[in-house]
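> I need the structure of the sequence given here:
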Amino acid sequence: MEVLRKKTNPVKDVNLKLIETVGDMFYTMERADGVGLAAPQVGVNKSFAVIDVTHFQDYAHIKPFVIINPVIHEVHGEWFAEEGCLSIPGIKLNIPRASQIYVTYYDLDMNEVNLEADKLLGRVLQHEIDHLNGKLFLDLIDDDELKKLKKELNDIKKGLVDPGYKLLIHEEK
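Purely as a prediction, here's the structure:
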């Protein structure tokens with residue numbers, strides 16, 4: 001999808017269509033055993049994503065949430081961990097990310113939220129915010145590693161890989 005490589009447009013207001021899309025995104029993410037899903041992944045060129053890290057014991061207390069127009073203000077440290085993407089099924093890579101981030105975003109009521117996140121939650125936020133800026137986790141690996149994935153990536157692009165889930169695509173008008 002071409003929309004995955006575009007910087008998203010900011011959300012100006014929360015309307016019924018956005019709320020319906022958010023609901024579909026949570027449904028899709030849950031069915032795919034994901035922890036985050038950005039609007040471009042479902043064909044929407046708007047700056048929002050859904051996050052749910054409740055599957056992990058250390059984060060079980062954090063309710064699933066929506067980030068709108070997020071901005072990372074500070075990053076600290078580095079942490080390598082395995083990462084995948086619902087839009088690139090079957091590929092998991094050891095990716096470097098900041099170990100701690102400070103982010104500002106808006107919730108569904110358009111209230112500003114400031115959040116300090118580390119380790120897994122920080123990684124998920126960075127991954128989804130990258131999507132909102134037209135970047136994929138593949139952009140964080142070197143060219144040699146990317147060349148090794150050429151066949152798998154071509155198979156994904158051609159639709160030859162069954163991820164075991166379907167992304168509910170919302171066409172923008």
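> State the next helix or strand along the chain beyond the top strand by length along the chain.
The residue-count maximum for a strand in the chain (DSSP state E) belongs to strand 65-76. Downstream of strand 65-76, the first helix or strand assigned by DSSP states H and E is strand 79-85.
> From the chain's centroid, how far away is that following strand?
Chain-centre distance of strand 79-85: 12 Å, with CA atoms, centre = their mean, to the nearest Å.
> Return the set of buried residues in that strand.
83-85 (16 or more other CB atoms under 10 Å). C-beta here means a position set from N, CA and C on the backbone, and glycine is covered the same way.
> for the residues you listed, which one is nearest residue 12?
residue 85 (27.4 Å; CB to CB).
> Settle this for me: the closest one is touching residue 95, isn't it.
No - applying CB atoms under 8 Å, one finds residue 85 not in contact with residue 95, separated by 10.0 Å.
> Overlap of the contact sets of these two?
Counting by CB atoms under 8 Å, 6 or more residues apart in numbering, the contacts common to residue 85 and residue 95 are residue 137.
> Now do residue 129: how many residues are near it, please.
21 (other CB atoms under 10 Å).
> is it fair to say it lies in a helix?
Yes - per DSSP: H, G, I helix; E, B strand; the rest coil, residue 129 lies within a helix segment.
> Name the nearest residue to it, ignoring sequence neighbours.
Leaving aside its chain neighbours, residue 129 sits nearest to residue 70 (5.2 Å; criterion: CB to CB, 6 or more residues apart in numbering).
> Show me the contact partners of the lowest-mean-pLDDT helix or strand in the chain.
Here the helix or strand of the chain ranked lowest by mean pLDDT, DSSP states H and E is helix 150-157, holding a mean of 89. With CB under 8 Å, 6+ apart as the contact definition, helix 150-157 has outside contacts at 88-91, 138, 161.
> got it, and stretch 96-106?
11, 67-81, 83, 112-119, 122-123, 125-127, 129, 140.
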